Every structure is written in structure tokens, then in C-alpha cells.
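Enquirer: Fold the following for me, if possible:
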Amino acid sequence: MLFERIESTGLAHYSYLLGASGEAVVIDPRRDVEEYVRRAQKEGLRVTHILETHRNEDYVVGSVALAERTGARIWHADAQLAYEYGEAVHDEQVWNIGGLRLEAIHTPGHTPGSMSYLLHDLTGAPWMVFCGDVLFAGDVGRVDLVDPARVKETAADLYQSIFERILPLGDELLLCPAHGSGSACGSSIVDRPWTTLGMERRHNPRLAHAGKDAFVAHAAKVLERPPYFRRMERMNLMGAAGAEMVPLAAPLQADEMAEVMREAWVLDVRPSLAFAAGHVPGALSIWPGGVSSFAGWFLDNDRPLLLVTTSDEVVESVQVELLRMGFDRLTGYLAEGMLSWLTDGLYVERLPTMTVHELCRQLDDGQTPYILDVRSDEELATDGAIPGAQHIHITQVPERSEEIPNDREVLVFCGTGLRSTTVASYLQYLGGYSVNVLLGGLAGWDSVSCPLEMASA
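Expert: Residues are numbered from 1 along each chain as shown. Prediction:
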């Protein structure tokens, strides 16, 4: 038999391919579906069914694209929603896939119609449960995405789903969630790539609360929602085209780029130091590993998107990351990178930088520069805060930019300088700000007279 977890980095999304005796099923496929087809064909399997655990918010589901590629039937959860494709799953529905047995279990909470799938192995023994966004390693699913006003009610549903439907299946069962560490669909998913129900029962702090009321009190939280989530919700009811159907970004000469960028976003994924040295005016800097985490906070899909990078290979990988988030309008990239822009004599913006050692010397000398710390609350609590700095998490900057002064230099600080460059480039794009990126971040901090402040226990 075949059992494989297919991971989508950045979004920390997990999908699953399993099959036996010529048949296969895919659970929660991503938009770029060729990987499922390739792996199934390699094992002599044909994908006959596609199962969704819930209506997803953070990525484009590839069910329609995979069905078009394979002829498989699509089964979606959240039957109360107006899906334009597939068939609705019902509680206790069973599929027999080449001798494997899958059983649907209604597990509301993250969404009202969320479904988990219990897999029995070839001997008939319960083996693993695919729970979508209901239960994670070290965390439980968010209950605020469908309706923030009903978090207590949905948290109560989640409690019943976990404690009355999933955990009683047995400690020995493998737990297969839809996300791993780093996903926005959980606030504190731990880096435990494989886990069991027993592991979570013993080590998941969200399951340690005594009784339903305590669980609800801790789970009923309204967390940050990236703006692009709303677009994902709509796309995942309509059924999106596969990533392979979206044209690849076209190479643009510098003069062509300069002409079309007036009505477009420009995303620069080169290293932060290269961006600081010189970039296309108005470009937003996000390093390749941060695209999935931060592009959805700063970009929208109302305008075309242009890319500046170092190679064609990076263009393709970044476009895949963007397509998984529903950014379909990546229309072009700067051919030959910034070299062509410079040799054409076009205007270049720079981003001033400062090492943290230089800042530390200023503080030690009694100066009081304005410091914008864009790290998370958890980082401040764990690693310490800079005395006197203003703290606005990177994801909150677009909504809170008016709180940042434009009458003095803004020194942007994070853990390493990557997120600082993103924020500084965004403020530079808005205009009216004098920004400076603090390179080295926390790792380079060595102030003597102004040490980091640690959170009290």
C-alpha cells in the first residue's frame, strides 16, 4: 500500500495520499496537483476519491484541478455552504479504497461542518485519523475564522469533537492534521512532525484544561486574520483552476517593467542587503522563505504583481507559493534582475541600514532614537524587549502605520533583519517616512547601559 504526506512549506500545509490495490485517495490537496498524480502513477494507483476536511481559509484547495486531471469524485465538508463543485460528506459515510476503509466523522468546531476521516488498515484495525484543523501537534484549531462573535459556541463544539469523538478512538492512533508548525490556522502548533492521539492527550497543553468550561475559556480567542483569507474562502467554494493552468510570469525588459509597474505591485525577493543597496522604486522586500507568511498581509489581488529576483528558478518557486495563496496575477518579472535596471539608467531607491552595534553605541551614549520593534509578543516575552522601543508586530504594520512617526528617523528592528527590511520597504512604499533597517537584529544586540528588558514571570 501507499501512504505519503505531502508538505507545502511556508504555509505549513499537509495533504495526504494513500491507496492500495490500484486505487488511491487524496485528502486536502493543494492547488499544484501534479505531485499527487505523479506519485500515484509511480505506484500503479489511480486517484478515485478526493476528500476535504473543511472549507479552507489559508490556501487554495486543489480538488477541482485534481478531479479534472484524474476523474476522481470530490467530497467536501461544510455541507451548509454553497459549494459549486463536488458532493457533500455525511457523518459515518464510508469509502473502500483498494481494501482500505475510510470513515467520516463529523467534528465541528473549526468550521461547523468539519469532517475527520478514520482510516482502517488492510486488516480492518483503526490506524490513523485525518482531522483537518480540529487538532494539531501541541494545539487545537482556531474557532474564530467563521464567525468571531460565536467563538464560545464554536469552542464548545470543538471540545466535544476532540474529547468525545477523536480522543476515544485510541491513544495508539496516528494523528494526521492538515497543518504543522508555522501555520496561521493555529496559534502555537509545535514542531512535532508525527504524533499520536496518546501523545497529544499527554503533552498537548490545550488538552490539559480540566473540563469543558476551562477548555472553552482558553480556546475561545479571536486571533489575527491575514486579509487574503476572505479571498481563499470564496475561491474554495467556487473551485479554483489548477496552478498548472495559470500562465508563468513573463520576462520583462527594464523599460517594459518601468512602464507597467505604475499599476502593479513590485515584489523583490532578493537578499535584504541586495535590496538595501538598490531596488526598483516602490518595491516590497520579502525573502523567498517569507512569501507564504507575509505576502498576504501586505499585498492584495486587485493589481498585477511583478517580481524582482535573482534567477528564473526562484521566479517559478515564488509563483507557486503565491498561487497557493490565490495570487494569480503575477504577470512578469525583471529579466536579468537589477543589472538590467541599472544598465538602462533607471532610477534606483536605496534603503539605509545600520548595524545593531551602531545602535547600541548610540544608546550607550545616552541618545534616544525611535526604534520600531516588529517582533511577535512571544519573542519579546522570551528574548527580551528594547527599552523605549515601540512594538508593532510585522503583520499589524499595514493597519497601524499612522502610529509610526514621520517626523523623525524610524529604526526598524526584528530578530535578524529580514522582517525589518520588509517593514521598512513597505513604509518606504507608503512615502513620507525616513526609515533605517537595523541589521543583525537581536543576535547582534550588545548594549551595556541599555540591556534588554525581560518579561516578569
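
Enquirer: Distance from stretch 325-344 to the middle of the chain?
Expert: From the chain centre to the centre of stretch 325-344 is a distance of 23 Å (C-alpha atoms, centre = their mean, to the nearest Å).

Enquirer: How about stretch 437-450?
Expert: 29 Å.

Enquirer: And stretch 40-51, by the same measure?
Expert: The answer for stretch 40-51 is 27 Å, by C-alpha atoms, centre = their mean.

Enquirer: Straight-line length of that stretch, end to end?
Expert: Chord length of stretch 40-51, first to last residue, is 16 Å (C-alpha to C-alpha, to the nearest Å).

Enquirer: who's in contact with that stretch?
Expert: Stretch 40-51 has contacts (C-beta atoms under 8 Å, 6 or more residues apart in numbering) with 2, 17, 19-20, 22-29, 36-37, 63, 66-67, 70, 72-75, 86, 89, 95, 97-98, 102, 115, 117, 130. Any C-beta I mention is one placed from the backbone N, CA and C, and that applies to glycine too.

Enquirer: Report pLDDT for Met454.
Expert: What the model reports as pLDDT for Met454 is 79.

Enquirer: In contact with it, which residues?
Expert: Gly384.

Enquirer: Phi and psi next, for it.
Expert: phi -100, psi 140 (degrees, to the nearest 10).

Enquirer: From the contacts of stretch 40-51, keep the buried residues only.
Expert: Among the contacts of stretch 40-51, the ones that count as buried by 16 or more other C-beta atoms under 10 Å are 2, 17, 19-20, 23-29, 36-37, 63, 66-67, 70, 72, 74-75, 86, 89, 95, 97-98, 102, 115, 117, 130.

Enquirer: In strands only, show me the contacts of stretch 40-51.
Expert: 2, 17, 19-20, 23-27, 73-75, 95, 97, 102, 115, 117, 130 (DSSP state E).

Enquirer: how about the closest residue to Thr9 other than its chain neighbours, secondary structure?
Expert: Excluding its sequence neighbours, the residue lying closest to Thr9 (C-beta to C-beta, 6 or more residues apart in numbering) is Ser292, at 7.4 Å. Here Ser292 is recorded as helix under DSSP: H, G, I helix; E, B strand; the rest coil.

Enquirer: neighbours of Ser292, just the number please.
Expert: As a burial measure, Ser292 scores 25 neighbours (other C-beta atoms under 10 Å).

Enquirer: do Leu167 as well
Expert: So Leu167, with other C-beta under 10 Å, has 19 neighbours.

Enquirer: Just to check, it is in contact with Met199?
Expert: No - between Leu167 and Met199 there is no contact under C-beta atoms under 8 Å: 11.5 Å.

Enquirer: Quick one: classify the residue nearest to Arg55 when sequence neighbours are not counted as helix, strand or coil.
Expert: Of all residues not flanking Arg55 in the chain, Asp78 sits nearest, at 4.5 Å (C-beta to C-beta, 6+ apart). In three-state terms, and counting by three-state DSSP, Asp78 is coil.

Enquirer: Going by neighbour count, list what's buried in stretch 40-57.
Expert: Quick answer for stretch 40-57 (16+ other C-beta under 10 Å): 40, 45, 47-57.

Enquirer: so who does Asp144 touch?
Expert: Counted by C-beta under 8 Å, 6+ apart, Asp144 has contacts 151, 154, 221-223, 225.

Enquirer: That one and Gln390: what is the separation?
Expert: 27 Å (C-beta to C-beta, to the nearest Å).

Enquirer: Could I get the full set of helices for the stretch 151-300 of the chain?
Expert: 151-160, 197-203, 212-219, 229-238, 254-260, 272-277, 291-298 (DSSP state H, counting those that start in this stretch).

Enquirer: Which ones among the buried residues of stretch 40-57 lie within helices?
Expert: In this view, the buried residues of stretch 40-57 that belong to helices under DSSP state H are Ala40.

Enquirer: Count the neighbours of Ser311 for me.
Expert: 9.

Enquirer: Wait, a helix at Val435?
Expert: No - applying three-state DSSP, one finds Val435 to be strand, outside a helix.

Enquirer: which residues does the residue nearest to Arg55 contact?
Expert: 54-55, 111-114.

Enquirer: switch the cut-off to 6 Å
Expert: Contacts for Asp78 were tallied using C-beta atoms under 6 Å, 6 or more residues apart in numbering; they are 54-55, 111, 113.

Enquirer: Ok, Tyr426 next?
Expert: 284, 298.

Enquirer: Name the SS class of it, please.
Expert: Tyr426 - assigned by three-state DSSP - is helix.

Enquirer: Give me the pLDDT value at it.
Expert: The model's pLDDT for Tyr426 equals 98.

Enquirer: what about it, distance to Ala254?
Expert: In terms of C-beta to C-beta, Tyr426 sits 23 Å off from Ala254.

Enquirer: Next: Asn301.
Expert: 25 Å.

Enquirer: swap in Tyr59?
Expert: Taken as C-beta to C-beta, the span from Tyr59 to Ala254 is 33 Å.

Enquirer: what's the neighbour count on Ala381?
Expert: Around Ala381 there are 12 residues (other C-beta under 10 Å).

Enquirer: Now for it: which residues touch it?
Expert: Ala455.

Enquirer: before we move on, which element is it in?
Expert: helix 377-383 (DSSP states H and E).

Enquirer: May I have that helix as CSV, with CA atoms only?
Expert: What follows is helix 377-383, C-alpha atoms only, in CSV (Å, rounded to 0.1, in the frame of the first residue of the first chain):
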residue,chain,number,x,y,z
ASP,A,377,4.7,39.2,21.5
GLU,A,378,6.1,35.7,22.2
GLU,A,379,9.6,36.8,21.0
LEU,A,380,9.5,39.9,23.3
ALA,A,381,8.4,37.7,26.3
THR,A,382,11.1,35.1,25.6
ASP,A,383,14.0,37.1,24.2
